[in-house]
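# give the three-dimensional model of this entry:
(one chain, ligands or ions: 1)
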Amino acid sequence: MSGVELWSIADITRRIAAGEVTAAKILTDTIARITERDGELGAYLATDFEGAQTAAALVDAMRSANLPLGPLAGVPIALKDMIVTKGVVTTAGSKILDGWSPPYNATVVERLRAAGAVIVGKVNCDEFGMGSSTENSAYKKTRNPWDATRVPGGSSGGSSAAVAAGLCTASLGTDTGGSIRQPAAFCGVVGLKPTYGRVSRWGIVAFASSLDQVGPIARSVADAALVLQAISGHDPLDSTSLAQPVPQFSESIAAGVTGLKVGLPKEYFAGEIDPEIRAALDNTVAALKEKGAEIIEVSLPHTELALPAYYIVAPAEASSNLARYDGIRYGTRADASDLLDLYCKTRGAGFGPEVKRRIMLGTYALRSGYYDAYYKKAQQIRALIKRDFDAAFETVDVLLTPTTPAPAFAFESKATPLDMYLGDIFTLACNLAGLPGMSVPCGLTKNRLPIGAQLLGKPLDEATLIRTGAVIESALAIGAPP
Ligand code: GLN
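Here you go, the predicted model:
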């Protein structure tokens with residue numbers, strides 16, 4: 001790396017405010033790292049250096065004029081390509097949206113910009129967020145910065161790899177069944193999936209609307225808290241957005257865990273977990289205990305039903321959401337004379353195999369005569385899973401589990417789609433219940449692959465995740481990739 005320090009958000013904003021560095025210089029360094037490393041890493045699908053330079057110049061001009069700076073002033077941020085950006089091509093990792101230049105910004109983009117963030121580009125993901133390795137991107141491979149022969153996780157693989165390798169300070173991902181937490185775990189960074197409704201979904205390419213949430217991926221819990229702060233809060237453009245007050249998340253960083261009741265759901269420790277992951281979780285438990293937390297075993301009896309329920313609900317909603325990509329409404333050109341051309345183009349380069357599989361699964365599950373057997377049953381299981389969590393949160397404040405059953409795997413090592421789906425067992429229930437979840441690095445395997453600890457919280461209680469995550473981070477820091 002070109003010898004540039006990877007500053008935290010607090011460092012960047014403080015130094016810019018103090019006149020020690022300019023936003024332009026921070027951006028130049030970030031661009032240099034992208035230019036130097038992204039050819040190999042493959043995190044970015046599109047960069048917008050011109051737009052970023054304009055944003056950085058605005059921050060510097062405001063500083064010169066002594067105007068108040070936003071909480072993310074001058075902070076370089078990358079966005080998963082599921083997030084709609086005005087005038088910057090947004091593909092969701094799919095050829096069906098190749099060249100689509102949206103006419104508007106997602107609410108989260110508007111909020112980041114208002115906070116002074118400098119958006120540097122769009123990062124790779126599994127097509128429409130469907131996958132756990134970013135191998136389902138129609139565009140390119142993204143590598144894990146800790147081991148280039150391994151996947152960065154998915155579907156927000158570009159978001160996690162870019163943050164871990166220092167090709168942005170923080171990023172946004174989306175999480176329908178683990179896509180923020182799982183790649184964060186694989187890449188050794190912090191990923192936070194907010195409570196359903198905490199962050200606006202307006203302008204997020206829809207995968208499964210009742211499960212999707214946007215959230216931050218960052219190199220520290222404190223950075224994640226600052227980004228979450230900027231994007232949270234009610235949005236009248238999203239009817240599922242919650243009109244709830246947003247606490248000052250950063251205030252939880254130093255709160256510690258004394259007296260906090262941390263639940264260990266026994267079902268998450270029962271099955272086949274990699275022994276190194278189990279050992280890292282044991283260390284995490286010991287660290288929390290030593291800092292004053294009370295550890296309590298709890299049971300979430302319907303845990304094993306989360307995977308089958310998710311793989312009905314998510315494809316069912318996806319099959320309905322994806323019906324809009326009929327080759328007519330989205331594409332590079334809006335000119336009617338080009339419609340036939342566009343139609344042929346999108347038909348020729350349509351959905352990839354995983355997306356087709358989900359559409360088939362979802363359409364099948366929703367067929368009349370099958371609806372009760374599949375979709376309705378899955379929704380009933382969802383209610384039971386939610387009830388399990390409600391009961392557990394009567395005795396504990398937060399739950400601790402592994403984020404993944406194994407560390408980052410090699411490219412093309414999952415033989416069947418089911419093998420890939422099984423890697424999601426620990427992350428899916430959180431989305432089915434609409435809860436907030438976070439993955440924090442808690443150790444490295446002997447081959448130096450990151451391990452993530454997952455924290456699950458009560459609805460709207462991201463603050464407790466932040467508080468607990470900060471303790472884990474300070475006790476078990478893993479450092480940066482080579
Ligand atoms: N891996 C899960 C899937 O393939 C979750 C994806 C996500 O959270 N976007 O559906």
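
# CA atoms for contacts and neighbours, from now on please.
OK.

# what pLDDT, on average, does whatever helix or strand A161 lives in get?
With elements taken from DSSP states H and E, the one containing A161 is helix 157-164. Across helix 157-164, pLDDT averages out at 98.

# chain center to it, what's the gap?
From the chain centre to the centre of helix 157-164 is a distance of 10 Å (C-alpha atoms, centre = their mean, to the nearest Å).

# and the gap between the residue nearest the centre of the chain and G154?
Centroid-nearest residue in the chain: I180, 2.4 Å away (criterion: C-alpha atoms, centre = their mean). For I180, the distance to G154 (C-alpha to C-alpha, to the nearest Å) stands at 8 Å.

# for A65, give me phi and psi.
phi -90, psi 10 (degrees, to the nearest 10).

# residue contacts, A230?
Contact analysis of A230 by C-alpha atoms under 8 Å, 6 or more residues apart in numbering lists 71-72, 111-112, 115.

# what bits of the chain have low per-residue confidence?
1-5, 327-349 (pLDDT under 70).

# name the SS class of whichever residue of the stretch 1-150 of the chain sits closest to the ligand, please.
Closest contact between the stretch 1-150 of the chain and the ligand, by C-alpha to the nearest ligand atom, is at G131 (3.5 Å). At G131 the chain is in coil, as set by DSSP: H, G, I helix; E, B strand; the rest coil.

# neighbours around E394, how many?
Neighbourhood size, E394 [other C-alpha atoms under 10 Å]: 9.

# would you say it is within a strand?
No. Using three-state DSSP, the secondary structure at E394 is coil, not a strand.

# how close does it get to L465?
Counting by C-alpha to C-alpha - E394 and L465 are separated by 17 Å.

# just to revisit the earlier point, list the contacts for the residue nearest to the centre of the chain?
Contacts of I180 (C-alpha under 8 Å, 6+ apart): 154-156, 173-174, 191-193, 215-217.

# which residue packs closest to R201, ignoring adjacent ones?
Of all residues not flanking R201 in the chain, D238 sits nearest, at 6.2 Å (C-alpha to C-alpha, 6 or more residues apart in numbering).

# what parts of this protein come near the ligand?
Taking C-alpha under 6 Å from any ligand atom as the contact definition, the chain meets the ligand at 129-132, 155, 175-179, 424.

# try 8 Å this time
Counting by C-alpha under 8 Å from any ligand atom, the positions of the chain adjacent to the ligand are 126, 128-132, 154-156, 174-180, 207, 212, 310-311, 314-315, 420-421, 423-424, 428.

# now, of those residues, which are buried?
126, 128-132, 154-156, 174-180, 207, 212, 310-311, 314-315, 421, 423-424, 428 (16 or more other C-alpha atoms under 10 Å).

# columns neighbour count and secondary structure on top of the contacts of A230, output as TSV?
TSV is the format used below for the contacts of A230 (neighbours: other C-alpha atoms under 10 Å; DSSP: H, G, I helix; E, B strand; the rest coil):
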residue	neighbour count	secondary structure
P71	20	coil
L72	24	coil
R111	18	helix
L112	23	helix
A115	20	coil
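
# as CSV, these with distance to K291 would be great.
Below are these laid out as CSV (distance: C-alpha to C-alpha, whole Å):
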residue, distance to K291
P71, 30
L72, 31
R111, 36
L112, 34
A115, 34
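
# for I478, state which of these is nearest.
Within the contacts of A230, proximity to I478 (C-alpha to C-alpha) peaks at L72, which comes in at 25.2 Å.

# ok, then the element right after the helix holding A161?
Next in sequence after helix 157-164, counting helices and strands by DSSP H and E, comes strand 170-175.

# tell me how far that following strand is from the chain's mean position?
Mean-position distance between strand 170-175 and its chain equals 4 Å (C-alpha atoms, centre = their mean).

# that strand versus helix 157-164: what angle between them?
150 degrees (axes from the mean of the first three to the mean of the last three C-alpha atoms, to 10 degrees).

# put the alpha carbons of the next helix or strand after strand 170-175 into CSV.
Toward the C-terminal end, the helix or strand that comes next after strand 170-175 (DSSP H and E) is helix 181-187. These are the backbone C-alpha positions of helix 181-187, laid out as CSV (Å, rounded to 0.1, in the frame of the first residue of the first chain):
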residue,chain,number,x,y,z
ARG,A,181,-22.5,-9.4,8.5
GLN,A,182,-21.2,-12.5,6.6
PRO,A,183,-18.8,-10.6,4.3
ALA,A,184,-17.8,-8.3,7.2
ALA,A,185,-16.8,-11.5,9.1
PHE,A,186,-14.9,-12.9,6.1
CYS,A,187,-13.0,-9.7,5.6
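
# perfect, that will be all.
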